[in-house]
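> pasted the sequence and its predicted model underneath.
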Amino acid sequence: MEKLRHELLAFHYQGVRFMNELKKSIFWDLPYWEYLSVRHCLDVMDVEKNVCDSIIGTLLNMQGKTKDDFNARKDMVEMGIRDKLAPQESGAWTYLPPACYTMSEIEKTSFCACLNDVKVPKGYSSNIKKHVSMKDLKLVGMKSHVCHILMQHMLPVAIRDVLPKHVRHAIIKLCFFFNVICSKVVDIEVLDDLQADVVVTLCQFEMYFPPSFFDIMVHLIVHLVREIKMCGPVFLRCMYPFERFMKILKRYVKNQFQPEGSIIESYVAEEVIEFCTDYLANVESIAVPKSRHEGKLTGKGTIGLKLDSQKAEIRDKDHRVVLQHESEAHPYFDEHMSMLRHENPSKSER
């Protein structure tokens, strides 16, 4: 297995070098370009969204988004691979034999029903049910954050019993890869193994999915681990905050002929309102939206609010139980027991 992994790595990087030799970017004419460690900062948000759209579109055979169509099958015929998947034409009728990733009508219904029944906490993501069309058995209107949640948390659950084992495991491994690189804590000691695993995963995708599946976005996955080594965790340079702020700025535009002026005027007005709201904190504001978290710490919004005040003795006992389960507090317990043994030599251990 280890030998196969090294051979796949060598084969992949050989193909990458070949593609780099075919085209040379004009940026190499700049005198400082060859000395840059990171020449292109990849946006993980867009990479993850495009990969998610390609996987979902291919699995559900969505018109216009699937990577497995008549032209893709003809390409495989010209390449001389996967003869069993060659399109069969009979006059105006064309039949595409099912591949290992092709879902039946029952499997599509099960997949969409699983996502349609998902309920998430408020603020976790948008309502996934709005993006599921049970009539057409497809997902529609997915934004970047929906693809982020779907790729990292929901897709491995939705495909757990609707695909062959080898295809399902390859997709789940890719989902776990995005989950690891997008976490707030990344162990630098596992990055090399992570890089090797994702290359093997993409090689497995090449074995199962058609060649048309592998566009530039899928190729960029192999460079994400290197950027983490050079630039740090993904969440520190992700585009979600900027995209959300761009949505806010777009709402400020009231005059299409003067968008910049509309943005400046609305932004200044909002700054003034926020200053006045903070200055008059104890005054009830009018037409100013309140935070959905306001009052939660005092119990507002909970069902069956009940305040319970315990005695000091019970509180201290609970506090000691919590401390005894903390590994950081164990040295202090040992030091305290040693002091008690020294001060009371005649006492038993109990």
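Ah, there it is. Remember, it's a predicted structure, so these values are computed and weren't measured experimentally.
> what are the boundaries of the helices in the stretch 1-150 of the chain?
2-22, 44-59, 70-79, 105-116, 144-149 (DSSP state H, counting those that start in this stretch).
> how about the contacts made by Phe209?
Listed by C-beta atoms under 8 Å, 6 or more residues apart in numbering, the contact partners of Phe209 are Thr58, Lys67, Asp68, Tyr101. All C-beta spots, glycine's among them, are computed from the backbone N, C-alpha and C.
> can you count the residues close to the second one?
The reference is to Lys67. Neighbour count for Lys67, taken as other C-beta atoms under 10 Å: 19.
> doesn't Gly57 make contact with it?
Yes. Counting by C-beta atoms under 8 Å, Lys67 touches Gly57, with 6.9 Å between them.
> give the buried residues for the host helix or strand of Asp278.
According to DSSP states H and E, Asp278 maps onto helix 259-279. Within helix 259-279, the residues that qualify as buried by neighbour count (16 or more other C-beta atoms under 10 Å) are Ser262, Ile263, Ser266.
> OK, contacts around the second one?
By C-beta under 8 Å, 6+ apart, the residues touching Ile263 are Leu249, Tyr252, Val253.
> cool, the first one as well?
Residues touching Ser262, when contacts are defined by C-beta under 8 Å, 6+ apart, comprise Tyr252, Val253, Lys254, Asn255.
> contact partners of the host helix or strand of Val198?
If you go by DSSP H and E, Val198 is part of helix 191-208. By C-beta under 8 Å, 6+ apart, the residues outside helix 191-208 that reach it are 5, 8-9, 11-12, 99-101, 166-167, 170, 173-174, 177, 180-181, 213-214, 218, 221-222, 225-226, 228-229.
> what residue ranges in this structure score low on pLDDT?
Counting by pLDDT under 70, the chain shows low-confidence ranges at 1-23, 281, 285, 287-288, 297-309.
> domain map for it?
Listed domain ranges for the chain are 42-227, 240-279 (source: automatic domain parsing).
> tell me which of those lies nearest to Asp318.
Closest to Asp318 of these, according to C-beta to C-beta: domain 42-227, at 27.3 Å.
> by contact count, what packs against the helix or strand where Leu340 lies?
Leu340 belongs to helix 330-343 when assigned by DSSP H and E. Helix 330-343 sits against no helix or strand, with contacts defined as 3 or more C-beta pairs under 8 Å, 6 or more residues apart in numbering; DSSP states H and E.
> may I have that helix as PDB, with CA atoms only?
The C-alpha trace of helix 330-343 is given here as PDB (Å, rounded to 0.1, in the frame of the first residue of the first chain):
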ATOM      1  CA  HIS A 330      -4.000  17.100  39.600                       C
ATOM      2  CA  PRO A 331      -0.500  18.400  40.600                       C
ATOM      3  CA  TYR A 332      -2.100  20.700  43.200                       C
ATOM      4  CA  PHE A 333      -4.100  17.800  44.600                       C
ATOM      5  CA  ASP A 334      -1.000  15.800  45.000                       C
ATOM      6  CA  GLU A 335       0.800  18.700  46.700                       C
ATOM      7  CA  HIS A 336      -2.100  19.200  49.100                       C
ATOM      8  CA  MET A 337      -2.200  15.500  50.000                       C
ATOM      9  CA  SER A 338       1.600  15.600  50.700                       C
ATOM     10  CA  MET A 339       1.200  18.500  53.000                       C
ATOM     11  CA  LEU A 340      -1.600  16.800  54.900                       C
ATOM     12  CA  ARG A 341       0.500  13.700  55.400                       C
ATOM     13  CA  HIS A 342       3.400  15.700  56.700                       C
ATOM     14  CA  GLU A 343       1.200  17.700  59.100                       C
END
